[in-house]
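Asker: Give me coordinates for this.
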Amino acid sequence: MSSILKAIEKLKLNVLNIEDVPESFSSDVYKLILARGEHVFVKIPFNKDKLFREFQILETLKDIIPVPKVLDIWYGDETITGALLLSAIQGVPCTGVIDEKLSFQIGMYHAMLHEVKAPGYGYHLTDGYQLLEQNNWRLHIQSNFEKWKEPCKEILDPELYERCILHFDRVFSALPDPDGPCMVHMDFRPGNILVNGNEVAGIIDFESARGGSSEIDFTKVNRYIWEVNPRTKIPFIEGYQSIRPMLALERALPLYDIYDAFSSVVWCKNRGIEKNQTFLQENIAILRSSVGY
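Answerer: Numbers count the residues shown, from 1 in each chain. A predicted model of the protein is given here:
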């Protein structure tokens, strides 16, 4: 609580009420009611790179798709990474039933995001835009998976681990050519899509967004929208294709399912296995399903 109080002081806010937003897994997010009755959000990112990244991307996207407006930014001090003051969007997370009309609209906005060109394959850091090694998306995916092997080996069942390694090599070789560099969200799931009635009201949480290949951004769409209700897939794709072509998903999804789950296992290890046990087990189940184990 001390961090939000300090952020409120630095942002010079007159606050009536502070409410924690519990579904924010990486950064700390608070909903505030200001003295004049206005609702706003304060986001205190996990590190300064995430602070700068979200700020830069929200500024880039503000006239392209519905995203929170950056009202102010505090660049932090030696104890706190800083904070973003964000406008509130009139909507709720899209965690209920997604019908075909809404799915079409979500697909359309996802495509509009991917239509935003990036300076290269890379991401915003505090000292500017950092290109990936050789500006090569395939090399980036491969090297990330390589560095995740050791921490995953410590956690996963040996047989499951070996199957994952073999499976990754097989599906990696089947990938289509990269599509980009374009803006990718990296966590495009119902919890980060706000709806008002049956309309998309906004897209939130861009702290992990970067310049990448659009293929990586369909992993959670597939997992949390299409697999939950298969009837949403065709209208989503139709909405997406009303803006831009869809890549060969059937060749990309098998790779990114295992890539995302491997990454999440490492995230749980780094952030604490005990307190993230549910998320860890969810991703181990995804790995088992991916390799048929």
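Asker: and stretch 88-106, what's its mean pLDDT?
Answerer: What stretch 88-106 shows for mean pLDDT is 94.
Asker: List of residues touching the lengthiest helix in the chain?
Answerer: The helix that spans the most residues within the chain, counting by DSSP state H, is helix 249-271. Residues outside helix 249-271 that contact it (Cβ atoms under 8 Å, 6 or more residues apart in numbering) are 141, 144-145, 148, 151-152, 154-156, 164, 167-168, 171-172, 174-176, 215-216, 218-220, 222-223, 276-277, 279-280, 282-284, 286-287, 290-291. Using the backbone N, CA and C atoms, a C-beta is placed for each residue, glycine as well.
Asker: out of these, which are buried?
Answerer: Listed as buried from those are 141, 145, 148, 151-152, 156, 164, 167-168, 171-172, 175, 215-216, 218-220, 222-223, 276, 279-280, 283-284, 286-287, 290-291; burial here means 16 or more other Cβ atoms under 10 Å.
Asker: thinking again about what came up before, out of the contacts of helix 249-271, which sit inside helices?
Answerer: Going by DSSP H, the helices hold 141, 144-145, 148, 151-152, 154-155, 164, 167-168, 171-172, 219-220, 277, 279-280, 282-284, 286-287, 290-291 from these.
Asker: Could you pull out the buried residues of the longest helix of the chain?
Answerer: 249, 252-269.
Asker: just stretch 61-78 next, same as before
Answerer: Those would be 61, 65-68, 70, 73-74, 76, for stretch 61-78 by 16+ other Cβ under 10 Å.
Asker: Residue 60 reaches residue 118, doesn't it?
Answerer: No. Contact criterion Cβ atoms under 8 Å: residue 60 and residue 118 do not qualify, at 9.3 Å.
Asker: anything in contact with each of these two?
Answerer: Between them, residue 60 and residue 118 share the contacting residues residue 183, judged by Cβ under 8 Å, 6+ apart.
Asker: and those two? which has more neighbours close in?
Answerer: residue 118 (21 against 16; other Cβ atoms under 10 Å).
Asker: ok, and what's touching the strand or helix carrying residue 104?
Answerer: Using DSSP states H and E, residue 104 sits in helix 100-114. Residues outside helix 100-114 that contact it (Cβ under 8 Å, 6+ apart) are 61, 64-66, 94, 98, 179, 182-185, 188, 193, 195, 198-200, 203, 214, 217, 221, 225, 231-244.
Asker: Could you grab the helix/strand/coil label for residue 31?
Answerer: Of the three states, residue 31 takes strand under DSSP: H, G, I helix; E, B strand; the rest coil.
Asker: just residue 16 next, same as before
Answerer: Residue 16 is classified as strand under three-state DSSP.
Asker: still on that earlier bit, between the longest helix of the chain and helix 277-291, how big is the angle?
Answerer: 150 degrees (axes from the mean of the first three to the mean of the last three Cα atoms, to 10 degrees).
Asker: ok now helix 249-271, how far from the chain's centre?
Answerer: With Cα atoms, centre = their mean, to the nearest Å as the basis, helix 249-271 stands 13 Å off its chain's centre.
Asker: cool, and stretch 15-23?
Answerer: Relative to its chain's centre, stretch 15-23 lies at 22 Å (Cα atoms, centre = their mean).
Asker: which of the residues in it are buried?
Answerer: residue 15.
Asker: ok, now stretch 94-109?
Answerer: Buried-residue list, stretch 94-109, by 16+ other Cβ under 10 Å: 94, 98, 100, 102-109.
Asker: farthest-separated two in those?
Answerer: 100 and 109 (15.4 Å; Cβ to Cβ).
Asker: Quick one: neighbours of residue 228, just the number.
Answerer: Neighbour tally, residue 228, other Cβ under 10 Å: 12.
Asker: For residue 222, see how far away it is.
Answerer: From residue 228 over to residue 222 the distance is 10 Å, taken as Cβ to Cβ, to the nearest Å.
Asker: now do residue 46
Answerer: Here the criterion is Cβ to Cβ. By it, residue 46 lies 26 Å from residue 222.
Asker: Can you pull out the low-pLDDT segments for the protein?
Answerer: Flagging of the chain using pLDDT under 70 yields the residue ranges 1, 24-25.
Asker: tell me the domain ranges of it?
Answerer: Domain assignment for the chain, taken from automatic domain parsing, gives 2-87, 93-291.
Asker: dump the residue contacts of residue 28.
Answerer: Residue 28 makes contact with 3-4, 43-44 under the criterion Cβ under 8 Å, 6+ apart.
Asker: what do you get for residue 201?
Answerer: Residues in contact with residue 201 (Cβ under 8 Å, 6+ apart) are 66, 89-91, 194-195.
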